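Trainee: heads up, no residue letters with this:
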């Protein structure tokens with residue numbers, strides 16, 4: 001009898017896990033041509049809910065640009081922390097974030113994994129725009145996001161930030177997610 005209860009609990013756990021994961025396992029795999037900001041943005045723009053965007057191995061310079069992900073439940077994945085390295089060498093007020101995610105019309109979350117993000121703009125200084133860079137900003141509506149197997153280095157403001165904008169409470173746009181092995 002105890003064995004039957006254990007097996008039932010395991011099967012129920014697997015069922016819930018597969019339901020949660022299904023939005024990410026059923027999609028296409030899209031290879032970014034490189035780790036440049038433009039190539040990653042092109043792959044993200046092409047992706048649909050459930051797809052995985054793969055950033056190849058290499059060290060890449062984002063310069064002063066950022067990748068914007070708007071209302072897409074996708075997985076952005078590198079080749080590994082020591083293999084996919086993206087550096088931000090330029091910054092300005094409008095583009096100081098490397099990855100900016102905004103999900104106001106979906107209750108879901110993106111996944112980021114297996115890469116290293118580096119800010120080379122120096123330490124944070126109050127009232128200075130040039131060195132207040134951020135790695136990943138998970139904006140309004142990012143429910144159940146996951147960030148894992150990532151490394152963040154040298155960011156003047158934050159490597160990873162989950163934020164809500166004013167008025168978010170009205171629409172129940174709350175951030176929640178899992179961050180591990182970072």
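Mentor: That came in fine, so what should we check first? This is a predicted model, so every value here is computed, not measured.

Trainee: can you pull out the strands in the chain?
Mentor: Counting by DSSP state E, the chain has strands at residues 29-31, 52-54, 58-61, 67-70, 75-77, 84-88, 97-102, 111-119, 134-138, 143-153, 158-162, 176-180.

Trainee: Run me through the strand neighbours of the third one, direction for each.
Mentor: Taking DSSP bridges as the criterion, strand 58-61 pairs within the sheet with strand 84-88 (parallel).

Trainee: before we move on, back to that, winner for burial among the strands of the chain?
Mentor: Between the strands of the chain, strand 134-138 has the highest mean count of neighbours, a mean of 25, where neighbours are mean count of other C-beta atoms under 10 Å. To be clear about C-beta, it is placed using only N, CA and C from the backbone, and glycine gets the same treatment.

Trainee: counting contacts, what elements does it pack onto?
Mentor: In terms of contact count using 3 or more C-beta pairs under 8 Å, 6 or more residues apart in numbering; DSSP states H and E, strand 134-138 is assigned the packing partners strand 97-102, strand 111-119, strand 143-153, strand 158-162.

Trainee: go with 6 Å
Mentor: strand 97-102, strand 158-162 (3 or more C-beta pairs under 6 Å, 6 or more residues apart in numbering; DSSP states H and E).

Trainee: okay if I get those as CSV plus mean pLDDT and distance to residue 59?
Mentor: Output for the helices and strands packed on strand 134-138, formatted as CSV (pLDDT from 0 to 100; distance: least, C-beta to C-beta, whole Å):
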stretch, mean pLDDT, distance to residue 59
strand 97-102, 84, 14
strand 158-162, 85, 18
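
Trainee: Tell me which of those sits nearest to residue 85.
Mentor: Checking the helices and strands packed on strand 134-138 against residue 85 by C-beta to C-beta gives strand 97-102 as the closest, at 12.1 Å.

Trainee: So which elements touch that closest one?
Mentor: Using 3+ C-beta pairs under 6 Å, 6+ apart, strand 97-102 is in contact with strand 67-70, strand 134-138.

Trainee: Which of these has the lowest mean pLDDT?
Mentor: Mean pLDDT is lowest for strand 134-138 out of these, coming in at a mean of 86.

Trainee: Adjacent strands (with direction) for it?
Mentor: Strands flanking strand 134-138 in the sheet, each with its direction: strand 97-102 (parallel), strand 158-162 (parallel) (DSSP bridges).
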